[in-house]
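**Q** Can you look at this prediction? I've put the sequence above it.
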Amino acid sequence: MKAKSEFDEFVLLKVLHGIDGIGNIKIINLRDRFGSLQNVFNSDFNSLIEVDGINEILAKRIKLAITNFSKYRLIVESDLEQVYKKGFALLPFWDSKYSNNLINIYSPPTLVYYYGNIDLINSDCIAVVGTRNPTKYGIENTKFFTENLVHNNFTIVSGMARGIDSISHETCLKYSGNTIAVVGSGLDWIYPPENKELFQRIGKNGLVISEYPLGAKPDSKNFPERNRIISGLSEAVVVIETKISGGAFLTARIANDQNREVYAIPGNINSQQSEGNNFLIKSNLAKLVQSSDDILTDFNKISKTVFSVKPPKDLTSLSLFEQKIYEVLSENPIHIDQIAEKTNFTVVECSIHLLTLEMKNFAIQLPGKYFTIS
């Protein structure tokens, strides 16, 4: 348990968060002005209204709130007991371990709940983000870029969502890399629910963080707020696949505002999953990348490129029909009848498009009308 004076700072932080109209920015302004939250509550009315963002109404609410300190202290004691009991911990923004990158963004979280190795928030971080419904091209790129960034000693940051996020975390753990998951709910409310085992593995081998207290549900409004932390922790953001309306596209735009480098992988112009990537590149909001070397050069790192994951194919040369067939292919042979069934094409149509995939070196035909990826 924290020493009394430090614990009281936690209590006062909770008190301020409970005041309508006061958020992260005003809390940081208050502490910067007075040196501690204890001094904030001991200050007079006239001193409070001199602080940027604090008007007379908010100053009155702050002075009134201190009268409930004893009640808040009991509540916070109970909350902290649950946090530590579950194996989690807390990090306030004034702690020396707080992220140097994060503290300088707009509205940094003033209290972070975490599970795992908190020192990772000050390591060399790169975010890998993308759609919840990736294509095969997106899955291959996620594995390829993540593995190579891990072997070049980057910590991979993502949001533990379905799709690209989860694949990036899984790939990172597979190669014993460091990974940080930023979630949009309380640490005791794992979302999506199928990621419970992944959550535990990241907590034991990496770090999971949230700005939301225990019990907070994964409301839709939380995820845009979560995204500012993903990009804020990171030196750069790599967008694998995203729609223009997707969360990863929003993360990229937030990263632009935070003066982070943004990289995007070009995709098929007929693929919805790549429309956000192509827009970012076309609008000069992201650098086009085709390999991790394109990123490493910007960070003056000597490439340690590895190829246990095969470099993904560039699908931009494929038609929509060819891409649809390519997405059902794998290294395991599949019969043309099954390909037709999975794509809703006729066998004749499949034969035509498989022939062009062979000519473009995307597919291999085996005896008996079986096919694999090239």
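**A** Okay, I see it.

**Q** ok, the nearest residue to residue 97 once chain neighbours are set aside - contacts?
**A** Closest residue in space to residue 97, ignoring its immediate chain neighbours: residue 118 at 5.7 Å, by C-beta to C-beta, 6 or more residues apart in numbering. Where C-beta positions appear, they are placed from N, C-alpha and C, glycine not excepted. Residues counted as contacts of residue 118 (C-beta atoms under 8 Å, 6 or more residues apart in numbering) are 89, 91, 97, 207.

**Q** any idea how far residue 118 is from residue 125?
**A** Per C-beta to C-beta, to the nearest Å, residue 118 is found 13 Å from residue 125.

**Q** before we move on, what about residue 169?
**A** Residue 169 is 13 Å from residue 125, by C-beta to C-beta.

**Q** List the residues that contact residue 105.
**A** Contacts of residue 105 (C-beta under 8 Å, 6+ apart): 228, 232, 258.

**Q** From residue 283, how far out is the last one?
**A** Taking C-beta to C-beta as the criterion, residue 258 is separated from residue 283 by 17 Å.

**Q** Comparing those two, which residue is more hemmed in?
**A** For residue 258 versus residue 283, the count of surrounding residues by other C-beta atoms under 10 Å is larger for residue 258: 18 against 8.

**Q** Give the buried residues for stretch 326-342.
**A** Neighbour counts using 16 or more other C-beta atoms under 10 Å place 326-329, 333-334, 336, 339-340 of stretch 326-342 among the buried residues.

**Q** end to end, how far does that stretch reach?
**A** End-to-end distance for stretch 326-342, by C-alpha to C-alpha, to the nearest Å: 11 Å.

**Q** what does stretch 156-172 give?
**A** 7 Å.

**Q** Then stretch 108-119?
**A** Using C-alpha to C-alpha, the distance between the terminal residues of stretch 108-119 is 17 Å.

**Q** which of the buried residues of stretch 326-342 lies closest to residue 173?
**A** residue 327 (25.4 Å; C-beta to C-beta).

**Q** Contacts only, for residue 288.
**A** 263-266, 281, 294.

**Q** where's the dip in pLDDT among those?
**A** Note: of the contacts of residue 288, the lowest pLDDT belongs to residue 294, at 90.

**Q** quick one: contacts for it?
**A** Contacts of residue 294 by C-beta under 8 Å, 6+ apart are 263, 287-288.

**Q** let's see it at 10 Å
**A** Neighbour list for residue 294: 145, 238, 263, 265, 287-288 [criterion: C-beta atoms under 10 Å, 6 or more residues apart in numbering].

**Q** Ok, residue 207 next?
**A** Contacts of residue 207 by C-beta under 10 Å, 6+ apart are 114-121, 123, 155, 157, 178-182, 233.

**Q** Hmm, residue 314 is touching residue 291, no?
**A** No: using C-beta atoms under 10 Å, residue 314 makes no contact with residue 291, being 11.1 Å away.

**Q** Need the overlap of contacts for those two.
**A** With C-beta under 10 Å, 6+ apart as the test, residue 314 and residue 291 both reach residue 265.

**Q** Residue 237 is in what secondary structure piece?
**A** strand 236-239 (DSSP states H and E).

**Q** picking that back up, if you go by neighbour count, which of the contacts of residue 118 are buried?
**A** Buried among the contacts of residue 118 (16+ other C-beta under 10 Å): 91, 207.
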